[in-house]
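Chemist: need the 3D shape of this:
(chains A and B)
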Protein chains: 2
Amino acid sequence: MTIAGNMIIGQDLVKGSKKAIYAVNPATGENLEPAYLGGSAQEVDRACALAEQAFDTYRETDLETRAKFLEQIAANLAANGPAIIERAGLESGLPKARLEGELGRTMNQLKLFAEEVRAGRWLGVKIDTAMPNRTPLPRSDIRLRHIPLGPVVVFGASNFPLAFSVAGGDTASALAAGCPVVVKGHSAHPGTSELVGQVIQAAVKSCGMPEGTFSLLFGSGADIGSALVADPRVKAVGFTGSRSGGVALMKIAAARSEPIPVYAEMSSINPVYLLPEALKNRADAIATGFVNSMLMGSGQFCTNPGLMIVKDAPELDAFISKVADLISVAQPGTMLTPGIHQAFESGVGKLKDNGNVQLLAQAQEVSGPNQCRARLFVTTAQAFLNDHALRDEVFGSNSLVIRCKTEEDIFAITNSLEGQLTATVLMDPSDNKAFIQKLMSILERKVGRILFNGYPTGVEVCHAMVHGGPFPATSDSRTTSVGTEAIWRFLRPVAYQDIPEDLLPSALKDDGWQVPKFINGK
Amino acid sequence: MTIAGNMIIGQDLVKGSKKAIYAVNPATGENLEPAYLGGSAQEVDRACALAEQAFDTYRETDLETRAKFLEQIAANLAANGPAIIERAGLESGLPKARLEGELGRTMNQLKLFAEEVRAGRWLGVKIDTAMPNRTPLPRSDIRLRHIPLGPVVVFGASNFPLAFSVAGGDTASALAAGCPVVVKGHSAHPGTSELVGQVIQAAVKSCGMPEGTFSLLFGSGADIGSALVADPRVKAVGFTGSRSGGVALMKIAAARSEPIPVYAEMSSINPVYLLPEALKNRADAIATGFVNSMLMGSGQFCTNPGLMIVKDAPELDAFISKVADLISVAQPGTMLTPGIHQAFESGVGKLKDNGNVQLLAQAQEVSGPNQCRARLFVTTAQAFLNDHALRDEVFGSNSLVIRCKTEEDIFAITNSLEGQLTATVLMDPSDNKAFIQKLMSILERKVGRILFNGYPTGVEVCHAMVHGGPFPATSDSRTTSVGTEAIWRFLRPVAYQDIPEDLLPSALKDDGWQVPKFINGK
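Modeler: Alright, predicted model coming up:
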């Protein structure tokens, strides 16, 4: 595995011809070699053509073969872990321990999807057997399985250069579903992407998959991203990033002559509700937990708690002071890119300039480029309800406390929120149950995950996870981008009626694959 | 139940204020009383407001209560069957026996969804229990259930005034999912719609559901349809109708500040492949079966076989003559509306004017207004491949035979097709298996249902049915509008993390509802 400035198109290493992209070491502000020349329409065409060629073979791989392929990618990641982590650290400013954890998560995700492929639930097999003697009309034999949609384009995310990037959750779930993947690598970590891309393509080769099962391109959104989403051979898109970026892809996909689904995970401010009894009984522990969640990774998580909603109480001033104190002594952390740092400061600046918002605390002075100086603001319920700008995500360690006078304020604020990935309720057993139930019934309609007495950062990769939510948290509230349910994004049902046994897909034969089968409603 | 020209908004019977709509008896061309004055923005607002008010109560009905409500609608349909069928016959020109069958199908559909509600699979419960001692980090208790999306707008279809209209599959599956429904009644059968709407609203009342659980509006697409899809309280749309109509709704839904899913079932020409051995051995039986399918209901089915693809063979001329003979003696049938009849004649006219297409047969002369005179055309593979217009659906009894020279022609034609609801393969055991397998692998990517040695008309309502397919067959290939899988269109997952047992929804409690639960991957 080498870092050489190449795109990976099937088995070919290819240099682009468009404007050079350099990763920037955010800790120094300096460019990192090598240059990554952006791809052109020609490379988009070649990657999509290879993916299309690979599809019919790859989609019919048996369960064990496909599972082993995913496990081989995980094994190759492990074998190349040190080099990947070193480069990712340079490109992202993220500490080694965090990247080691993220690499482990990325491998575990691939292994979990390998198990999911083997289990075969994703085929969703349903069989209604024939009733030749039914009156007035006989019933045919009808069998359903799910098949993959086709080639998928994945946009790497900046904030998880491993777990949500080239070999991340979108790629793992699309490959598990049987879809070839073309990744548009994020320009913030091209070297990491190139290494991981080679890891995947090595697994493609050693496992005997068709070469078009995986490709990796670099370039600008305008040159490469739009062309990939518009390509008629592409049948779905996975994206994690900004709201404007996601919405742009949704528009391109909807304008195609054959519209396709875009799974964009975009924007969330993740409200945290602090209830009176919890405030009274556990103020210090909650202040610590909240600040830890808010500062983690310089706040560069989709689930970072950007909003705290709390009713006025005698204990509130002391609690807010405690939070402010903890933030004031916090050390700044390097952000992922100069662009993200600029956007953070711009968002913070707008809050500072807002006459109805008060700055409560800021972390220690920065000591280097692109550092995140955490901020805490406070406002009133009325100000929040009257000012849509206060609902905008500020990506980074920034939170806004909303002091509410009444429970009705809290409901009104909650109803005014756009779709969110998460909502958090901090409560004690003595808190008002009826209030919590009403709050939950509003939150269920707004978010993908509701959590109690914890913090929203840290998304477990498991069967019951929903990392999703109504727009603009995602483009499709019916899906999740984390956990095994993510595989369903890339599948669709096909019914087979009265097909001779020897022509049926193995999953549907009476004596075929051993997978869960739902037969005649049972 | 009376036919009085009313809309139904919750429990209120309301007269519109916009332009009057009259049903037309297509057999006579005469207007049917009474006038249905179209609704305005005010009625859209009121119906959506009631649906929104109803949602939180209706969505949390227990399984038995919701199932009984669906069964009550079915019972009310049965009790009012004669009046409904009489009016539907006048408004649609469809024979009584067909409408009796369709009413039975509509009731069975509601009963099937009642059983589906009781079974609770639609909740999709998944539980990953806590691992407090896991290292390096403990795992939370995470539980997933599906909740309904919110109020749903259903557009009644013209061609099934019962089974795909006010109480049809879209309404049944949305109500089963827990979504209140606002129906925009089809202007072709307002009287039937008014009767069925009263039947549903009577069940709403007698079962104690909130009144906004169901409303029925009339009016033009421009006045009412667009406003309903654009209303922020509406969270999904079900539609069966024309490609232009469906695409218009998709555009409105995508342009909302919160885009929502549109499930539009639109356009399909349903290719039928006749293989050489089947042609040799069973030409007469196939000719009869094909013509019966094509003539059924004057061809006014989404799954009507509009294309037959067959390789030249010594037996082909005789087969085509047989098909032509059967069509020539066929009696014309009354079509649903003057508009559908005009569109049919316009589509047939384009084929007649096409220099590369030859008219082979037409049914007997028409003897009354709006009658469908079936047509059979033939063309070559090359002509079909060169002329996109030949892929357009002609809604009614019309089929185009494509004579192919080679198997490659057949593959090229298949690859050139847009998405379809169905594809049919007529084969004998001695037909070339490798050819069929390659054909199936192309067809799987193009269609929602593949059937062998049958005909595509007649869509079984069961668990394994897929009445769907890639665009433009539908707007969302991941779904079906017929069968129990249709319920998933109106649901989305929500994860609950570390929620105290007494605050969990009943479906997720350890000792809660008895529904299928997927616990720790098992």
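Chemist: which parts of chain A are helices?
Modeler: Secondary structure of chain A (DSSP state H): helices at A:41-59, A:63-79, A:81-92, A:96-119, A:169-177, A:190-206, A:226-230, A:243-255, A:276-295, A:316-328, A:338-353, A:381-386, A:407-416, A:433-444.
Chemist: how much space separates A:Val272 from chain B?
Modeler: Per Cβ to the nearest Cβ, to the nearest Å, A:Val272 is found 13 Å from chain B. Any C-beta I mention is one placed from the backbone N, CA and C, and that applies to glycine too.
Chemist: now do the same contact list for that residue.
Modeler: A:Phe290, A:Pro305, A:Leu307, A:Met308, A:Ile309, A:Ala423, A:Thr424, A:Leu426, A:Tyr455, A:Pro456 (Cβ atoms under 8 Å, 6 or more residues apart in numbering or on different chains).
Chemist: check A:Ile3 too.
Modeler: When contacts are counted by Cβ under 8 Å, 6+ apart, A:Ile3 touches A:Pro34, A:Arg87, A:Gly191, A:Glu194, A:Leu195.
Chemist: any idea of the pLDDT on it?
Modeler: At A:Ile3, the pLDDT value in this model is 97.
Chemist: what do you get for A:Glu43?
Modeler: A:Glu43 is given a pLDDT of 97.
Chemist: next one: it from chain B, what distance?
Modeler: 24 Å.
Chemist: before we move on, what about A:Gln371?
Modeler: From A:Gln371 across to chain B, the span is 27 Å (Cβ to the nearest Cβ).
Chemist: count of neighbours near that residue?
Modeler: Neighbourhood size, A:Gln371 [other Cβ atoms under 10 Å in any protein chain shown]: 21.
Chemist: show me the shaky parts of the stretch 351-500 of chain A.
Modeler: In the predicted model, the stretch 351-500 of chain A carries no residue with pLDDT under 70.
Chemist: can you pull the contacts of the closest residue to A:Ile85 other than its chain neighbours?
Modeler: Using Cβ to Cβ, 6 or more residues apart in numbering or on different chains and skipping the chain neighbours, the partner closest in space to A:Ile85 is A:Leu99 (4.6 Å). Going by Cβ under 8 Å, 6+ apart, A:Leu99 touches A:Ile85, A:Ala88, A:Gly89, A:Ser92, A:Pro161, A:Leu162.
Chemist: which single one of those residues is nearest to B:Pro516?
Modeler: Within those, distances to B:Pro516 taken as Cβ to Cβ reach their minimum at A:Leu162, with 35.1 Å.
Chemist: state the distance from A:Lys96 to A:Ala88.
Modeler: Distance, A:Lys96 to A:Ala88, by Cβ to Cβ, to the nearest Å: 9 Å.
Chemist: the two: who's more crowded?
Modeler: A:Ala88 (26 against 12).
Chemist: now do the contacts for the more buried one.
Modeler: So A:Ala88 contacts A:Leu94, A:Leu99, A:Pro161, A:Leu162, A:His189, A:Thr192 (Cβ under 8 Å, 6+ apart).
Chemist: what is the neighbour count of the residue nearest to A:Gln198 when sequence neighbours are not counted?
Modeler: Spatial nearest neighbour of A:Gln198, chain neighbours left out: A:Met1 (4.7 Å); criterion: Cβ to Cβ, 6+ apart. The number of residues packed near A:Met1 is 15, by other Cβ under 10 Å.
Chemist: if I look at A:Met1, how far off is A:Glu460?
Modeler: 30 Å.
Chemist: what about A:Leu274, distance to B:Arg403?
Modeler: Taking Cβ to Cβ, one finds A:Leu274 at 75 Å from B:Arg403.
Chemist: higher neighbour count, the two?
Modeler: Applying other Cβ under 10 Å to A:Leu274 and B:Arg403 shows that A:Leu274 carries more neighbours, namely 23 against 20.
Chemist: residue contacts, the closest residue to that one other than its chain neighbours?
Modeler: Spatially, and ignoring its direct neighbours in sequence, A:Leu274 is nearest to A:Val310 (4.2 Å; Cβ to Cβ, 6+ apart). Applying Cβ under 8 Å, 6+ apart, we find A:Val310 in contact with A:Tyr273, A:Leu274, A:Leu279, A:Leu316, A:Phe319, A:Val401, A:Ile402, A:Arg403, A:Cys404.
Chemist: which of those residues sits closest to chain B?
Modeler: A:Tyr273 (13.1 Å; Cβ to the nearest Cβ).
Chemist: show me the beta-bridge partners of the closest one.
Modeler: A:Ile309, A:Val425 (DSSP bridges).
Chemist: pLDDT value on it, please?
Modeler: 98.
Chemist: again, but for the one 3 residues further on
Modeler: We note a pLDDT of 98 for A:Pro276 in this prediction.
Chemist: now do the nearest residue to it once chain neighbours are set aside, the pLDDT please.
Modeler: Distance criterion Cβ to Cβ, 6+ apart; nearest residue to A:Pro276, sequence neighbours excluded, is A:Ala313 at 5.5 Å. Looking at A:Ala313, its pLDDT is 97.
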